[in-house]
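J.: here is my input; please provide its structure:
(chains A and B)
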Amino acid sequence: MKTAPLQTNSWISTLNSEKFLPIILSALILAQGCSSESPVNSSVNDESKKPRIALIMKSLANDFFASMERGARQHQESNSIRYELICNGIKDESDLGRQVALVDEMVAAGVDAIVIAPADSKALIPAIKHAKQAGVIVVNIDNKLDQEILAKETVTVPFVGPDNRKGAAMVGNYLASKLEKGDEVAILEGKTTAFNGVQRKLGFQDAMNKAEIKVVSSQSADWETNKANTITSSILREHPNLKAVLAANDSMAIGAVAAVKALNRSKQVMVIGFDNIDAVQTLIREGKVLATADQHGEDLATFGIETALDLLAGNLITPADMQTPVDLINQSTLTD
Amino acid sequence: MNMLGTFKPQKQQAGLTAVLILLCGIFGVSSENFLATPTFISIANQIPDLTLVAVGMTFVLVIGGIDLSTGSTLALSSAVFGVLLTEHDWTLFPASIACIATGSLCGLANGFISIKARIPSFIVTLGMLEIARGATKVVTQSQTKYIGSITDPISDPLPVLSVSPAFLVAVFAVIAGQFVLSKTVFGRYCIAVGTNEEAVIMSGVRIAPYQIMAFCVCGALCGIAGLTHAAKLSTADPNAAIGMELSAIAACVIGGTSLMGGRGNVISTFLGVLIISVLQTGLAQLGVSEPMKQVTTGSVIIIAVLSDALRRRWSSNG
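T.: Reported below is the predicted structural model:
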C-alpha cells in the first residue's frame, strides 16, 4: 500500500486516483483556455492566485498534533479566500525519513510555503535548506530547529512557538508551591533526542532547584504511557518518600497516575504533566493530576500559517521569532 | 532432526529460573528496595499484557508462523473497548466481550488469509500490523480515551493475594496454554505441523483448521491483553503496545521456542516474560540511562538464547 499522505485540497487526491485523471486533464485544458495561469493553480477556482501552504506535523496519533491539524483546518475554512492548505503528518514521531521526504514532496508539488513541526531539530535542516533554495518560504513551529546548524548552513527560518522550558518551569513552580524544601520528586523525560523534551526537563529542574526540592530520579519514558507506568512503579518502590512525579507530557502523566494508584500512594504522590490533552483534563478534575501546561496546539499551526502568509505578502521583511503563550491548567482554571 | 529429541523443557526451565534468580540477586545487591514483596507484586501487575501476547505468540511460532500484528491488535481491541465504555455507555462485561472478539477477528483474518492463500504469515501479519494500527487511530480519533474507574474490577489488587485479577487471568492462560499445547489433539497437531508439515499432510490430516485456529488463539489472547492493558492504565491509548510483538517474540525465544516451528513451551515463554520484566523493573529502579537499558536488555536476550543453545549442543554431543 502506498503511504498516501492526508490531503485537504481536492486536486492532489483526484490526481492520485487514475480514474479521475482524464477528467482532471480535460479540466486543466479547459482552464488553460480560460486563463493563462499555471496548471497547478487552476484547479478549483481560477479567478485569483491563492498561495498554497503545506503544514507538516509530527505523529497525528498524538492528541497534540491531531488538535493542531483541526485548528489549522478550521482556520483555512474561515480564510479559504486567502490560501489553500495541505496537511501532512507522519506515522510516529521517530519516522524521520518520512518527514524529510514530505518536505521534498511538498516542494515538488509546488507549494508556496511550508509550516513545519520538525520531528528532529537537526535532521530536517538539509531538506529545509533545499526547500528554501527552491524559493519556498519555511516557518518552523513547535520544536525549534538547531540554531547552530542553521547558522552554519546560513539558513534563517523564523520560529513560531512556545518556550517549553518556561512552560515546564511554570508547572514545576506551581507544584513546588504544594511541596516543602527537601522533598523528593522524580522526572519522566520525553525522548532524549527531542529538543522540546530536553527543554521541558530543564524547565522542571529549574523549578525544583529554585525551591530546593530534590530530584531523586530522572528517566526517559519515550513519551509513552505504558513505559511511564513501568518506570514510575519502579521509582515509587525505590523511593518510598517520593512526593511527586513530573512528566514531560500528558501521556506519560497518565501512566504515572496508574502506577501511583496501583501502589496505593495517590494520597502521597502528586503528578504533573504537559500538553493539556482531553484525557488529562478529566484526571485534573478528579484530582489525580495536579496541573499541566497548555501551549495551545490548535493555535500553534495557525500562528505559523499567519506568519507564512505575512512573509508571502511581503509584510514581514525580516523574519523574526515569535513566542506563543503557554498557560497553566489546574483544577481552578478548568472549572472556570 | 535431533532437535526435538534433545529438547527437554524441564532442564531448560531450570536454566531460565537460574537466570531469573541471578538477575534478582544482582538487582537486590545494587538497588536498595528491590528485594521486597511490593516489587514482585508490582511486577505481577505489570506483566499480564505481555504474558498473554507471548502465550499467543508461542502457539503461532510453534506451527512455524509468526504474528507481527500482536501489538496493533492489542491496541485496536483496547481502543474498541475504551470507546464502547466511554462513548457508547456499554457496561464492563459486554465491552470486554467486544474487545476479545475484536482481537479474535484480527487473528482469524491473519490465519485465514495466510493459510488459505498460502502467503507467508510474516507478510500477512505485517499488513495487519498497519491495518489494525490505522483502525485504532480511526476508532479513537487519534485521541487518548480516559476510561476512569469502570475497569477497576480487572486491575485493582485483590484483597488477600495483592495481585490483580488480570494477573490471575494471565497465569491461567499460561497453565491452560501449556495444557492445550502438550495434552490436546489441537496442541499436538500444532507441534507436528511445525515439525514436519508434509508428514502430517501425508498421514491424512487436514491441517488448515489447526493452523488457522492457532492464529485465532493468538488474536483472542491479544484481545484479552488489550483488556488488561486498558484496565491497567485506565485509558485506551492509540499508541499502545507499539513494538510489543518484538518483546513477545523475545520472550518466546528466550523460552526456547524455535522460530522455525515445532518447538515451544508456554511455561518457558512465561519465564522469558519474567526475565524481561524483572530486567525492565530492576534497571528502572536503579535509574539506569535509557541507552544503557536498551544495551543491557539486548545483551540479556542474546546471552540467554546463547547459553541455551550451547547447553543443548553439549548435551546432544555427550
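J.: and the pLDDT at the residue positioned nearest the centre of chain B?
T.: Note on chain B: the residue nearest the mean C-alpha position is residue B:54, at 1.7 Å, using Cα atoms, centre = their mean. With respect to pLDDT, residue B:54 has a value of 97.
J.: list the buried residues in stretch A:63-81.
T.: Neighbour-count burial for stretch A:63-81, counted by 16 or more other Cβ atoms under 10 Å in any protein chain shown, picks out A:63-69, A:71-72, A:75-76. No exception for glycine: its C-beta is placed from N, CA and C like everyone else's.
J.: out of these, which are inside helices?
T.: A:63-69, A:71-72, A:75-76 (DSSP state H).
J.: could you grab the helix/strand/coil label for residue B:204?
T.: coil (DSSP: H, G, I helix; E, B strand; the rest coil).
J.: next one: it from residue A:197, what distance?
T.: 60 Å (Cβ to Cβ, to the nearest Å).
J.: when those two are compared, which one has more neighbours?
T.: residue A:197 (22 against 6; other Cβ atoms under 10 Å in any protein chain shown).
J.: quick one, what contacts the more buried one?
T.: The contact partners of residue A:197, by Cβ atoms under 8 Å, 6 or more residues apart in numbering or on different chains, come to A:189-191, A:220, A:223, A:248.
J.: could I get the residues you listed as TSV with neighbour count, secondary structure and pLDDT?
T.: Shown next, in TSV, are the contacts of residue A:197 (neighbours: other Cβ atoms under 10 Å in any protein chain shown; DSSP: H, G, I helix; E, B strand; the rest coil; pLDDT from 0 to 100):
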residue	neighbour count	secondary structure	pLDDT
A:189	24	strand	94
A:190	26	coil	91
A:191	21	coil	84
A:220	25	strand	93
A:223	26	coil	88
A:248	31	coil	96
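J.: up against chain B, what does the stretch 101-250 of chain A have?
T.: A:192, A:217-220, A:222, A:224-226, A:229-231, A:233-235, A:237-238, A:240, A:250 (Cβ under 8 Å from any Cβ of the partner chain).
J.: from those, which would you call buried?
T.: Neighbour-count burial (16+ other Cβ under 10 Å) is assigned, among these, to A:217-220, A:222, A:224-226, A:229-231, A:233-235, A:237-238, A:250.
J.: residues near residue 181, how many?
T.: No chain in the question, so chain A it is. 9.
J.: not quite, I wanted chain B
T.: For residue B:181, using other Cβ under 10 Å, the count is 22.
J.: ok, it touching residue B:58?
T.: Yes. Counting by Cβ atoms under 8 Å, residue B:181 does reach residue B:58; the two are 7.5 Å apart.
J.: OK, contacts around the residue in the stretch 51-200 of chain B that chain A sits nearest to?
T.: Residue nearest to chain A within the stretch 51-200 of chain B: residue B:146 (3.7 Å; Cβ to the nearest Cβ). By Cβ under 8 Å, 6+ apart, the residues touching residue B:146 are A:254, A:278-280, A:282-283, B:86, B:234-235.
J.: how about it: what's its closest non-neighbour residue?
T.: Take residue B:146 and drop its neighbours on the chain: the residue closest to it by Cβ to Cβ, 6 or more residues apart in numbering or on different chains is residue A:279, 3.7 Å away.
J.: for that neighbour, give its distance to residue B:83.
T.: Distance from residue A:279 to residue B:83, by Cβ to Cβ: 13 Å.
J.: break chain A down into its structural domains.
T.: A:50-161+A:298-324, A:164-294 (automatic domain parsing).
J.: pick the most buried one from those.
T.: Burial of the domains of chain A is given as mean neighbour count (mean count of other Cβ atoms under 10 Å in any protein chain shown); domain A:164-294 ranks first at a mean of 22.
J.: do a quick rundown of the helices in the stretch 151-300 of chain B.
T.: B:152-155, B:165-183, B:185-195, B:197-202, B:208-233, B:244-254, B:266-286, B:290-317 (DSSP state H, counting those that start in this stretch).
J.: by mean pLDDT, show me the worst of those.
T.: Mean pLDDT is lowest for helix B:290-317 among the helices of the stretch 151-300 of chain B, at a mean of 84.
J.: check what pLDDT the residue in the stretch 1-150 of chain A that chain B sits nearest to gets.
T.: Chain B sits closest to residue A:66 of the stretch 1-150 of chain A, with a gap of 4.3 Å, by Cβ to the nearest Cβ. Note on residue A:66: pLDDT of 83.
J.: isn't it right next to residue A:60, touching?
T.: Yes. Counting by Cβ under 8 Å, residue A:60 is a contact partner of residue A:66 at 5.7 Å.
J.: what do those two both touch?
T.: residue B:142.
J.: any low-confidence regions in the stretch 1-150 of chain A?
T.: Flagging of the stretch 1-150 of chain A using pLDDT under 70 yields the residue ranges A:1-48, A:93-94.
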